[in-house]
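# Please work out how this folds:
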Amino acid sequence: MAQRVITGLILVAVFVPLLIFSDTVLFTVAVSLLSLIGVWEMLSCLGAKKLYGIIVPSLIMASGAPLCIRLSPMDMPAAWAIGMILLYLFWLAAYCVIKRGSVTYSLVTSVFMSVIYITAGFSSLILLSDSTLGAYVFWLVFIGAWVTDTMAYFCGFLFGKHKLIPEISPKKTIEGAIGGTLFAGLAFVLYGFIVSKVSGIPMHLMFLFITGIISAIVAQFGDLIASAIKREAGIKDYGSLFPGHGGVLDRFDSIIALSPFILMIHAAPFINLIK
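Numbers count the residues shown, from 1 in each chain. Sure thing, here's the model as predicted:
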């Protein structure tokens, strides 16, 4: 427990300054590195780490996508992303033909889905940070993930009696999930209120509360999805980069799921988080 707490404090000390300066090259490099490590962990979990025809393009995709999105012209990030995804998909399909009999399409399908899921999650942080007023909405990803995870733990510890999905995550409870969800909604409202008072930018508190509730559900599913894959592979953690916390996918599973959702909410013309 002490190791977990110490690692957590170090992570906060390192990542909060990076988030504050999310418009810098340093943040872009950090996101690209996390994406690369996350994909490596997933490929190892899927048993593909010795297949260099899969490993090399997957790592290029994982680290290159956030960089290309940040460095591409302002009106071109979508074109870059779609182009990279299509090239990556074509190569994986072609690799199955080249390595016929030794590389199956079921493996390639699992690899493609996993790599795009992880890469899209981290790349969405870059897109969100660069969007109009994204400097304010960007923080909702981390507030949603951290508050949900923390309060689900405490609510589960204090009130948890009914297991959520014990075959995937034995310690999670229904009471914890409900508590984490409600506190996330309230945290979004509190954040919006503080932003309105400090910056003068009006925030739509009702939309923020609803978004917080849905974000907590998305974040918890992100956690459960990552746990389900681990259980199927028969491993406890994806990696050991963060002592007491596991690997990148163990620590950022909720953020990977939540960042594309917040990006879509922010971009939706019929939803106004900021009035």
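
# use CA for all of it now, contacts and neighbours both
Noted.

# show me what contacts residue 146?
The contact partners of residue 146, by C-alpha atoms under 8 Å, 6 or more residues apart in numbering, come to none.

# hey, where'd the helices end up in the chain?
2-20, 25-46, 52-71, 77-98, 105-130, 134-137, 139-159, 174-199, 205-233, 248-267 (DSSP state H).

# Turn those into TSV, columns for distance to residue 239 and mean pLDDT.
Shown next, in TSV, are the helices of the chain (distance: least, C-alpha to C-alpha, whole Å; pLDDT from 0 to 100):
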stretch	distance to residue 239	mean pLDDT
helix 2-20	14	73
helix 25-46	6	94
helix 52-71	16	91
helix 77-98	25	87
helix 105-130	15	93
helix 134-137	30	83
helix 139-159	20	94
helix 174-199	25	95
helix 205-233	11	94
helix 248-267	7	93
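
# what's the most buried one of the ones you listed?
helix 248-267 (a mean of 23; mean count of other C-alpha atoms under 10 Å).

# How about residues contacting that helix?
34, 37-38, 41-42, 117-118, 120-122, 124-125, 127-128, 137, 140-142, 144-145, 215, 218-223, 226, 237-239, 241-242, 245, 271-273.

# quick check: domain ranges of the chain?
Listed domain ranges for the chain are 23-130, 134-275 (source: automatic domain parsing).

# how about the ones you listed in CSV, adding distance to residue 15?
What follows is those, written out as CSV (distance: least, C-alpha to C-alpha, whole Å):
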stretch, distance to residue 15
domain 23-130, 9
domain 134-275, 11
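
# Go through those domains and name the closest to residue 9.
Nearest to residue 9, of all the domains of the chain, is domain 134-275, at 11.3 Å by C-alpha to C-alpha.

# chain center to that closest one, what's the gap?
Remark: domain 134-275 is offset 10 Å from the chain centroid, using C-alpha atoms, centre = their mean, to the nearest Å.

# Quick check: the closest residue to residue 37 other than its chain neighbours vs residue 155, distance?
Of all residues not flanking residue 37 in the chain, residue 248 sits nearest, at 6.7 Å (C-alpha to C-alpha, 6 or more residues apart in numbering). Going from residue 248 to residue 155 by C-alpha to C-alpha, to the nearest Å gives 25 Å.

# now residue 107
Applying C-alpha to C-alpha, the value for residue 107 to residue 155 is 39 Å.

# With residue 9 instead?
For residue 9, the distance to residue 155 - C-alpha to C-alpha - is 21 Å.

# One more: residue 231?
Distance from residue 231 to residue 155, by C-alpha to C-alpha: 24 Å.

# Residue 84 too?
Taken as C-alpha to C-alpha, the span from residue 84 to residue 155 is 42 Å.

# Next: residue 34.
From residue 34 across to residue 155, the span is 30 Å (C-alpha to C-alpha).

# Kindly report the same for residue 195.
As defined by C-alpha to C-alpha, residue 195 lies at a distance of 27 Å from residue 155.

# Equivalent analysis for residue 66, please.
Counting by C-alpha to C-alpha - residue 66 and residue 155 are separated by 36 Å.

# What of residue 29?
36 Å.

# same check, this time on residue 253
20 Å.

# Equivalent analysis for residue 48, please.
For residue 48, the distance to residue 155 equals 38 Å [C-alpha to C-alpha].

# cool, residue 68 as well?
When residue 68 is compared with residue 155 (using C-alpha to C-alpha), they lie 41 Å apart.

# Equivalent analysis for residue 60, please.
41 Å.
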